[in-house]
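> Mind looking at a prediction? Sequence and model below.
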Amino acid sequence: MKTRLFLILLLSVSAVFATLTAQENAPPPVESTDLTAEAADTGAADAAEAAANTAQTILDYLVQGGPFIMIPLALLSFVAVLLIIFYIFTIRQGTVVSDKFMNAADALIRKQDYLGLIAVCNRKNECIARIVYKTLDFATKNPTASFDEVREVTQAEGTRQASILNNRISYLNDIGRIAPMVGLLGTVMGMIKAFESIGKSSGVQHMELAPGVAQALVTTAAGLIISLPALIFYSIFRGKVQKLIAELEAAMTHIMALLAAQYKRANYRAAAKRDSENEKE
């Protein structure tokens, strides 16, 4: 019994001594607010450093592409952005066919006020206004011309206006095709330079080819980055132009139907006048 009590007492003293030793060696407590602030500052600094390193890496890649290739690609990208902004404001229904002009043209044609309609066409900068102007200008300057001849003039001018709309957006298609070719040219030139440097070096050094190929592929990547948005916007504007051309054709058909009715009315009046004169004779 005495032995058991001695062992229990010894174990209790050892436990108390171990607890006191752990408390003395423990680090001083740190407030949670300080830890949170320090972690936030560290995270912000790391994020800023990562962003700076990323921007520097992209700039380094662009510089590695070479000025003779990257400068033309930069110019192509600048022109593409300008064209996209220009097309957004110019390729719309108001610049091709507007309800206001169609209502005015309908009223003036029914009144047979062709000179007034010509004056309205001169004030408008719409495709349909140019077509109507060419049509009425030919009809007024050639009063003996038949309606078929007037319709041919209208169709020719309508085809020209539609061609202008299609050719206007073709510049984006050209940029989308030229940019990858320029980038590929830079890639080929870079790979030729890399192979030449390996050929001039002594021994087999295949690993030296990797940096040269990576540098050469930068121009191809830049060309594709320019080409893809240009072709996407070209596809969007092409669909919009086709829709506007369809509306232009519908407006032309309406104008020509009104003119045909006026020609028939004029011919009917001329025939009735001739018949009345023959009867009087």
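Ah, there it is. Numbering: from 1, shown residues only.
> what ranges do the helices span in this protein?
Ranges of helices in the chain, per DSSP state H, are 2-25, 32-64, 67-90, 99-110, 114-123, 127-141, 147-200, 209-280.
> Show me what the shortest one packs onto, helices and strands only.
For helix 114-123, the contact count by 3 or more C-beta pairs under 8 Å, 6 or more residues apart in numbering; DSSP states H and E identifies helix 99-110, helix 127-141 as packing neighbours. In short, each C-beta sits where N, CA and C put it, glycine included.
> what angle do that helix and helix 127-141 make?
Using axes from the mean of the first three to the mean of the last three C-alpha atoms, to 10 degrees, the direction of helix 114-123 lies 140 degrees away from that of helix 127-141.
> mind showing which ranges of this structure have poor pLDDT?
1-67, 194, 197-215, 267-281 (pLDDT under 70).
> Buried residues, stretch 82-92. List them.
83-84, 87, 91 (16 or more other C-beta atoms under 10 Å).
> actually stretch 154-169, not the one I typed
Across stretch 154-169, burial judged by 16+ other C-beta under 10 Å covers 154, 157-158, 161-162, 165, 168-169.
> I would like the residues contacting that stretch, please.
Here stretch 154-169 makes contact (C-beta atoms under 8 Å, 6 or more residues apart in numbering) with 87, 90-91, 96, 127, 130-131, 134-135, 234, 237-238, 241, 244-245, 248-249, 252, 255-256.
> at 10 Å what do you get?
83, 86-87, 90-91, 95-96, 126-136, 138-139, 233-238, 240-242, 244-246, 248-249, 251-253, 255-256, 259 (C-beta atoms under 10 Å, 6 or more residues apart in numbering).
> And stretch 90-104, by the same measure?
With C-beta under 10 Å, 6+ apart as the criterion, stretch 90-104 contacts 89, 116-117, 120-121, 123-129, 131-132, 161-162, 165, 168-169, 236-238, 240-241, 243-245, 247-252, 254-255.
> Go ahead and confirm Glu126 touches Leu248.
Yes: here Glu126 reaches Leu248: they are 9.3 Å apart, a contact under C-beta atoms under 10 Å.
> okay, the helices and strands packed on helix 114-123 in a markdown table with mean neighbour count and distance to Leu75 next?
Converted to a markdown table, the helices and strands packed on helix 114-123 look like this (neighbours: other C-beta atoms under 10 Å; distance: least, C-beta to C-beta, whole Å):
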| stretch | mean neighbour count | distance to Leu75 |
| --- | --- | --- |
| helix 99-110 | 16 | 38 |
| helix 127-141 | 20 | 31 |
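> Output the ones you listed as JSON lines; include the columns distance to Phe68.
Output for the helices and strands packed on helix 114-123, formatted as JSON lines (distance: least, C-beta to C-beta, whole Å):
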{"stretch": "helix 99-110", "distance to Phe68": "50"}
{"stretch": "helix 127-141", "distance to Phe68": "42"}
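> For Arg177, find the nearest of the ones you listed.
Ranking the helices and strands packed on helix 114-123 by proximity to Arg177 (C-beta to C-beta) places helix 127-141 first, at 27.0 Å.
> Which strands and helices lie in contact with that closest one?
helix 99-110, helix 114-123, helix 147-200, helix 209-280 (3 or more C-beta pairs under 10 Å, 6 or more residues apart in numbering; DSSP states H and E).
> if we go to 6 Å?
On a contact count with 3 or more C-beta pairs under 6 Å, 6 or more residues apart in numbering; DSSP states H and E, helix 127-141 meets helix 114-123, helix 147-200.
> got the angle for the longest one vs helix 127-141?
What separates the directions of helix 147-200 and helix 127-141 is an angle of 140 degrees, with the same axes, to 10 degrees.
> Helix 147-200 relative to helix 209-280, how many degrees between them?
170 degrees.
> same deal with the shortest one?
Interaxial angle of helix 114-123 relative to helix 209-280 (the same axes, to 10 degrees): 170 degrees.
> Quick one: residues in contact with helix 114-123.
Taking contacts as C-beta atoms under 6 Å, 6 or more residues apart in numbering, the residues outside helix 114-123 that touch it are 104-105, 108, 129, 132-133, 136, 140.
> Tell me how many other residues crowd Val241.
By the measure other C-beta atoms under 10 Å, the count of residues near Val241 is 18.
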